[in-house]
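1. Quick one: sequence and predicted model below, then my questions.
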Amino acid sequence: MKKHIKKLHNTKTYSLIIVIAFAVIGATLLVFSQAATLNASLTLSPSSRSIEVNSGFTTNFTTAVNVTSPQAFNGVNILMQYDATKLDVVSVVTTGTNFADCPTKTGTGGTITLVCYVSPPGTLTGTNLVANITFRPKVNTGSTTISFVKESDLRSKIALAGTGENIWNGVLTGGTFTFTAQDVTPPVTAITDPTSTSGPISGT
């Protein structure tokens, strides 16, 4: 009888352990499934602008790359594309951001690459500046786009703190920039006729 009671007790204990184990696993999976929501975004600011380009093509403009996430993240790997026939990258500046370091910050040949991270165990949430990128137009008419990249290994990533899962929402839209030639028409000045008493004569 005692052996039967002991065996029954052991069986109940074992069953309880199994139930608890499955509960813990289920709760963990639930937490991770919720944490991996793809709701982090990459944006440019400004995302659109009209630029008046001078005749020497020395007119620069700057746009900021921002990451926004309601979930804690600790690193970004950002790839962007631009039309190298219409734009040159002048500089990629990551100073003044909340990231500890950006070991990769390049822009050439139509591709911009940014890799930045936060020193562990630190994390970031909300909207954070990643870099300010300055471009120089190579044309003075038309428009061009700058977009984020998502394809095979060249995939932009926002790393979820703790797991490293990519929580980027995958929206590729970056910005559209329009160019117009700077007006170089000389201003009209007043010329005084020394033989006239009626005042200045309008002319160039």
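-> Yes, it's here.
2. So Ala181 is in contact with Val139, correct?
-> No: with contact defined as CB atoms under 8 Å, Ala181 does not count as touching Val139 (9.5 Å). Glycine gets a C-beta too; all of them are placed from N, C-alpha and C.
3. Look at these two and report which has more neighbours.
-> Taking neighbours as other CB atoms under 10 Å, Ala181 and Val139 compare with Val139 leading, 15 against 12.
4. Ramachandran angles for the more buried one?
-> phi -130, psi 160 (degrees, to the nearest 10).
5. ok, the closest residue to it other than its chain neighbours to Trp168 distance?
-> By the measure of CB to CB, 6 or more residues apart in numbering, the closest residue to Val139 outside its immediate chain neighbours is Lys86, 5.1 Å from it. According to CB to CB, to the nearest Å, Lys86 stands 26 Å off from Trp168.
6. Looking at those two, which is more packed in?
-> Shown here are Lys86 and Trp168; by other CB under 10 Å, Trp168 has more neighbours (24 against 17).
7. With adjacent residues omitted, what lies nearest to the more buried one?
-> That would be Ile158: by CB to CB, 6+ apart, it lies 4.5 Å from Trp168.
8. so which helix or strand takes in the one you found?
-> strand 157-160 (DSSP states H and E).
9. The longest strand belonging to the chain: how far from the chain's middle?
-> Using DSSP state E, we find that the single longest strand of the chain is strand 61-82. The chain centre lies 2 Å from the centre of strand 61-82; the measure is CA atoms, centre = their mean, to the nearest Å.
10. now stretch 118-135
-> Distance, stretch centre to chain centre, for stretch 118-135: 9 Å (CA atoms, centre = their mean).
11. Can you list the buried residues in that stretch?
-> Residues of stretch 118-135 classed as buried: Val118, Leu124, Asn128, Leu129, Val130, Ala131, Asn132, Ile133, Phe135 (neighbour count, 16 or more other CB atoms under 10 Å).
12. tell me the SS of the fifth one?
-> The reference is to Val130. With DSSP: H, G, I helix; E, B strand; the rest coil as the basis, Val130 sits in strand.
13. Tell me the bridge partners for the nearest residue in space to it that is not next to it in sequence.
-> Spatial nearest neighbour of Val130, chain neighbours left out: Val65 (4.5 Å); criterion: CB to CB, 6+ apart. Under the criterion DSSP bridges, Val65 forms beta bridges with Leu44, Ala131.
14. which ones are touching Thr180?
-> Ser50, Ile51, Glu52, Val53, Asn140, Thr141 (CB atoms under 8 Å, 6 or more residues apart in numbering).
15. What strands line up against the host helix or strand of it, and which way round?
-> Taking DSSP H and E as the criterion, Thr180 maps to strand 175-181. Strand 175-181 sits in its sheet next to strand 48-53 (parallel), strand 142-148 (antiparallel), going by DSSP bridges.
16. Cool, thanks, signing off.
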